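In: Whatever this is, show me its structure:
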Amino acid sequence: MENEKQKEFILNGNLWKVIFNLSWPAVIAMILLAANNVLDGIFVGHFAEEGAFAGISVAMPPIITIIGLGILIGSGAGTLLSIAIGAEDKNIQKNILGNVNFLTLVISVIVMIVGFLFSEKTLFLMGGRGNSLIHGGEYYRTLLWGTPIWIYAIALNNLIRSEGKMKTAAAIMGIGLIVNGCANYTLMVIFNFGIKGAAIGTNIGMAVQTVISTVYFAKKSPDSQASVFTIRMDGEIISKIISMGLAGFIMQFMATIQMLLVLNVLNHYGSQDDIAFYGIITRLFSFMLQPIGGFMIALSPIIGINFGADKPERVISAFKRFLSAALILVVPLWILMLIFPEAAISLMMETPRLSAENIMHFRIYMILLPVMPLVFLALGFFPAINKGKISSVLGLLQQIVFYIPVMLILPAFIGVGGVYYGTFMIEILSAVPVLILLVREFRLLRTGITKWRQVQNEICSNGSAKSK
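Out: Next comes the predicted model:
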C-alpha cells in the first residue's frame, strides 16, 4: 500500500514537490557515502602510525573501483526496478533481487581473487612506495575481505531508492556511518589497531547497512518479490542491469584513471605544491558536485517510473525541472567562489600563498560548474529510459577520446596550465553531444519511438524463445 501511494505521488503529484521530497534525502545520502572515506581519513590522520595516511591514499583508487561495481549493480537494478514499477511489470519486480544476489556473488569472488593476487602490484602502480606501500597493502587487503558486503550494501541501497524511499535509504546509510565511527574509535583509539582498525571499522559499518537493508527486503510481501536469499540468473534481466548501470561504473572507474593521469602529469611538469593545489581545487569542486549527485540519484526513480507508465511529457518536464533546481542550488555558490577565490581556498589551506597564475587556474576550473548539472543529469536520464548504452558511450567519449589525449599533449606545450585549460576544453566538448542527444531523445519520447513496452516485449519474447 505504501509503495502504491509513493508510485501515485511520483506519477501524478506536483512535480516540484516530488523533486523536493525525493532530492533532499538523496543529497544527504551522497554526502554520507562520501563521508565513509572522510571518516577513515580523520581517524588515520590522528590515530594511526606514520605513513598510514599515504597508505590509504594509494589504496583509494582500487577502492573507488569496488564502489563502482556496487553502483553498477545497484543503479542498473534500481533503474530497471523503477521502470518496472511504473509499467506494473510484476515479473521483473519479483525476480530482480535474485539477479542482484547472483551478480554480487560472482563479481565479489572475482574482485577478491584478483585483489589478493595483485594487491602489491596494484598499489605500486598507484604510487605506493616504502611505508605507504606497506600500510596501504594492510588497509586494502583488510577491506578486500568486506568486498561482498560493500557491493551488496551499495546495491541494496540503490534498490531502496529506486522505490522512491529516499529517506529510508539515507537513514540506513546514516546508521552505517555512525557504526563506522564508533568502530573506528574503539579499534584505533582504545585497542590501538592502527590502520587495520580503520579498515575493519569501515567493513563493520557497511555490514550493518547490509543487514538492515536485507531485513527491509525480507519484510516485504512475498507477492512483490522473491525471497531476499534467492539467487537467479536470468540472462535478459542481468543484461539490462549491466547496460543500465554501466555508465555509473564507468564514471567511477575512469575517475581512477583520471586521477592517475593528472597526478603523473603534475609530477612531471610541476612540483609538490602544484599537486597540493590541484588537490584543493578538486576537493572544493567535488564538494560542490555532491548536491548534483543527489539530484542525479533522485532523478532515476522519477524518470523511470513515469517512463514505465508511458508518460513522456512528464518525463521531459521532470528532467527540465531537475536541471533548473540543480542550477538554482549551485550558481550562487559558484559566483561567490569566482569572486572570492582566496576565501574558498582558505577553507583547505590555513595561509594560502597564491600567485596570479594560481587564481587563474582556480577560476578556469570552477567556471565549468554550471555545465556539470547538464552532464550529470543526462548520464542518469538515459539509463532511466532504457538508453544506458548512450551514457556509457558518452562517459568513454569524455575520458578516452578527449581526456587522455589532451592531458598527454597539452601540458607538454604549456606545462601545468595544460591540466586546467585541458579540463575546461574537455568538459565543454563533452557537453555538446550530451545536449544534442538530449534534444533528440525528447523528440523520440514525444513521437512514441522510445517507450518501455518495446523493451518489455523484447524480454518476454527472448524468455519465451529460450523456454521453447
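In: residue contacts, Pro383?
Out: If you count contacts by C-beta atoms under 8 Å, 6 or more residues apart in numbering, Pro383 has them with Ser75, Gly76, Thr79, Ser243, Met244, Gly245, Ala247, Ser300, Ser391. Backbone N, C-alpha and C define where each C-beta goes, glycine included.
In: Check the gap between the closest residue in space to it that isn't next to it in sequence and Phe295 for me.
Out: Nearest residue to Pro383, sequence neighbours excluded (C-beta to C-beta, 6 or more residues apart in numbering): Met244, at 4.1 Å. The gap separating Met244 from Phe295 is 18 Å, by C-beta to C-beta, to the nearest Å.
In: cool, Arg443 as well?
Out: Remark: distance between Arg443 and Phe295 (C-beta to C-beta) = 24 Å.
In: So which residues of the stretch 201-350 of the chain form helices?
Out: Assigned by DSSP state H, counting those that start in this stretch, the helices in the stretch 201-350 of the chain fall at 235-269, 272-308, 312-339, 341-345.
In: So for Ile212, which of these sits nearest?
Out: helix 272-308 (18.7 Å; C-beta to C-beta).
In: Can you give the distance of that closest one from its chain's centre?
Out: 8 Å (C-alpha atoms, centre = their mean, to the nearest Å).
In: Touching, Glu441 and Ser391? I think so.
Out: No. Look at Glu441 against Ser391 with C-beta atoms under 8 Å: they stay out of range, at 11.3 Å.
In: helices and strands around the helix or strand harbouring Pro148, which ones?
Out: Here Pro148 is covered by helix 147-162, with elements defined by DSSP states H and E. Helix 147-162 is packed against helix 15-47, helix 52-87, helix 90-117, helix 166-184, helix 195-218, helix 272-308, with contacts defined by 3 or more C-beta pairs under 8 Å, 6 or more residues apart in numbering; DSSP states H and E.
In: and the two most separated of the contacts of Pro383?
Out: Longest span within the contacts of Pro383, C-beta to C-beta: Ser243 and Ser300, 14.2 Å.
In: Going by how many neighbours each has, rank these two and give me the top one.
Out: Taking neighbours as other C-beta atoms under 10 Å, Ser243 and Ser300 compare with Ser300 leading, 26 against 19.
In: Just give me the lowest mean pLDDT stretch among the helices and strands packed on helix 147-162.
Out: Here these differ in mean pLDDT, and the lowest is helix 15-47 at a mean of 71.
In: by how many degrees do the helix holding Pro148 and helix 195-218 diverge?
Out: With axes from the mean of the first three to the mean of the last three C-alpha atoms, to 10 degrees as the basis, helix 147-162 and helix 195-218 are set at 40 degrees to each other.
In: one step back: looking at Arg443 and Phe295, which has the bigger crowd around it?
Out: Applying other C-beta under 10 Å to Arg443 and Phe295 shows that Phe295 carries more neighbours, namely 25 against 12.
In: Contact partners for the closest residue to that one other than its chain neighbours?
Out: Counting by C-beta to C-beta, 6+ apart, Ala326 is the residue found nearest to Phe295 once chain neighbours are left out, at 4.9 Å. Residues in contact with Ala326 (C-beta under 8 Å, 6+ apart) are Pro291, Ile292, Phe295, Pro373, Phe376, Leu377.
In: Ala326 and Val100, how far apart?
Out: 29 Å.
In: quick one: Ile436 from Leu394, how far?
Out: Relative to Leu394, Ile436 is positioned 11 Å away (C-beta to C-beta).
In: Between these two, which has more neighbouring residues?
Out: Of the pair Ile436 and Leu394, Leu394 is the one with more neighbours under other C-beta under 10 Å, namely 22 against 10.
In: element containing the more buried one, please.
Out: Counting by DSSP H and E, Leu394 is found in helix 388-396.
In: List the buried residues of the next helix or strand after that helix.
Out: Sequence-wise, the next helix or strand downstream of helix 388-396 (DSSP H and E) is helix 404-414. Neighbour-count burial for helix 404-414, counted by 16 or more other C-beta atoms under 10 Å, picks out Val406, Met407, Leu410, Pro411.
In: Present those as JSON lines; the columns should include pLDDT and distance to Gly418.
Out: Formatted as JSON lines, these follow (pLDDT from 0 to 100; distance: C-beta to C-beta, whole Å):
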{"residue": "Val406", "pLDDT": "86", "distance to Gly418": "8"}
{"residue": "Met407", "pLDDT": "86", "distance to Gly418": "8"}
{"residue": "Leu410", "pLDDT": "90", "distance to Gly418": "4"}
{"residue": "Pro411", "pLDDT": "90", "distance to Gly418": "3"}
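In: Isn't the residue nearest to Pro383 up against Asn386?
Out: Yes. Contact criterion C-beta under 8 Å: Met244 and Asn386 qualify, at 7.2 Å.
In: So which of those two has more stuff around it?
Out: Neighbour totals were compared for Met244 and Asn386, and Met244 leads with 30 against 24 (other C-beta under 10 Å).
In: so what sits against both of Ile436 and Leu394?
Out: By C-beta under 8 Å, 6+ apart, no residue touches both Ile436 and Leu394.
In: Just give me the neighbour total for Gly74.
Out: 28.
In: so who does the closest residue to it other than its chain neighbours touch?
Out: Counting by C-beta to C-beta, 6+ apart, the nearest residue to Gly74 once its immediate chain neighbours are dropped is Asn158, at 2.9 Å. By C-beta under 8 Å, 6+ apart, the contact set of Asn158 is Ile71, Ile73, Gly74, Ser75, Ala77, Gly78, Ala169.
In: and what of Leu408?
Out: Leu408 touches Leu261, Val265, counting by C-beta under 8 Å, 6+ apart.
In: if we go to 6 Å?
Out: If a contact means C-beta atoms under 6 Å, 6 or more residues apart in numbering, then Leu408 has no contacts.
In: Repeat that for Ile28.
Out: So Ile28 contacts Ala170 (C-beta under 6 Å, 6+ apart).
In: quick one: contacts of stretch 419-428?
Out: With C-beta under 6 Å, 6+ apart, stretch 419-428 has contacts from Val262, His361, Ile364, Tyr365, Leu368, Val371, Phe402, Tyr403, Val406, Met407, Leu410.
In: my bad, stretch 169-177
Out: With C-beta under 6 Å, 6+ apart, stretch 169-177 has contacts from 25, 28-29, 32, 35, 157, 160-161, 205, 208-209, 212-213.
In: Mind putting those residues into CSV with distance to Leu144?
Out: As requested, the contacts of stretch 169-177 are exported to CSV (distance: C-beta to C-beta, whole Å):
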residue, distance to Leu144
Pro25, 31
Ile28, 29
Ala29, 25
Leu32, 23
Ala35, 21
Asn157, 21
Ile160, 26
Arg161, 26
Gly205, 16
Val208, 19
Gln209, 18
Ile212, 23
Ser213, 21
